[in-house]
Structure formats: structure tokens, C-alpha cells
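1. sequence first, predicted coordinates after that:
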Amino acid sequence: MNTTIIYEINDLEHRRVSVEERSQSLEKLKQDDQRAESKLSMYASVTNIIPSLDDELKISGRVDKTSDIVDRNKKVVEKFEFDASKKLSAFDTCNRIWKMIDV
């Protein structure tokens, strides 16, 4: 067999393996995204806090303060934001979020 053909076959095999690895990597990323969305949905359902993921430098979102379980159409939503310039510790930020959940 011609060496040029052997090199081309080997090159094509390497490309095929590379494409398969990238495909598997993309599939794993999609699964990770779906898992993260499910977790976020569960947290929002349990805590009534819906985070805003637009800006990674600040912690913000909305809190559903609906107290009427029978009529969920009476929505009372408060926005919240923790200013990054105030340098709150993770502990203080967490406590403030717990207070929003408990109210």
C-alpha cells in the first residue's frame, strides 16, 4: 500500500476520534446545563428566590412573597441586590438570603 494513503487513513482516523471526543464533550456539557437548570428550578420552588444570573459580580434576583396559597395569582415580588462594593462576607450574604426565605 502506498505510504501516502496510509498517512491519509491515519489522519482521517485521528480526525474521526477527535470529532467523537468533541461530540461526547458537548453532550456532557448539555447534560450539565440541564442538571444545573433543574437544580435552579428546584431551589426557586423551595425558597421562592429566583436569582438573576445576568451579572456574576453581584448577587441579585427576585423573591416571591406571595402569602396566599389558595390564590397564587396574587403575586407579590420583591427585587433584591447585594452590592459587591460593600464587601459582604459569604456568611453575611448567606444570612441575608436565609432571612428573605424565613419572612
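-> Ah, there it is.
2. identify the residue nearest residue 93 in space, chain neighbours excluded?
-> residue 82 (5.7 Å; C-beta to C-beta, 6 or more residues apart in numbering). Every C-beta, even on glycine, is put in place using the N, C-alpha and C of the backbone.
3. give me the phi and psi for that neighbour.
-> phi -100, psi 120 (degrees, to the nearest 10).
4. pretty sure it contacts residue 96?
-> Yes - the pair residue 82 / residue 96 is scored as a contact, 6.8 Å apart, by C-beta atoms under 8 Å.
5. which residues do the two both contact?
-> residue 88 (C-beta atoms under 8 Å, 6 or more residues apart in numbering).
6. how many neighbours does residue 49 have?
-> 15 (other C-beta atoms under 10 Å).
7. which residue is nearest the middle of the protein?
-> In the chain, the residue lying closest to the centroid (C-alpha atoms, centre = their mean) is residue 36, at 4.8 Å.
8. all helices of this protein, in order?
-> 3-47, 90-102 (DSSP state H).
9. quick one: closest of these to residue 65.
-> Residue 65 sits nearest to helix 90-102 of all those, at 8.9 Å, using C-beta to C-beta.
10. helices or strands next to the closest one in the packing?
-> Other elements packing on helix 90-102 under the criterion 3 or more C-beta pairs under 8 Å, 6 or more residues apart in numbering; DSSP states H and E are strand 49-52, strand 77-82.
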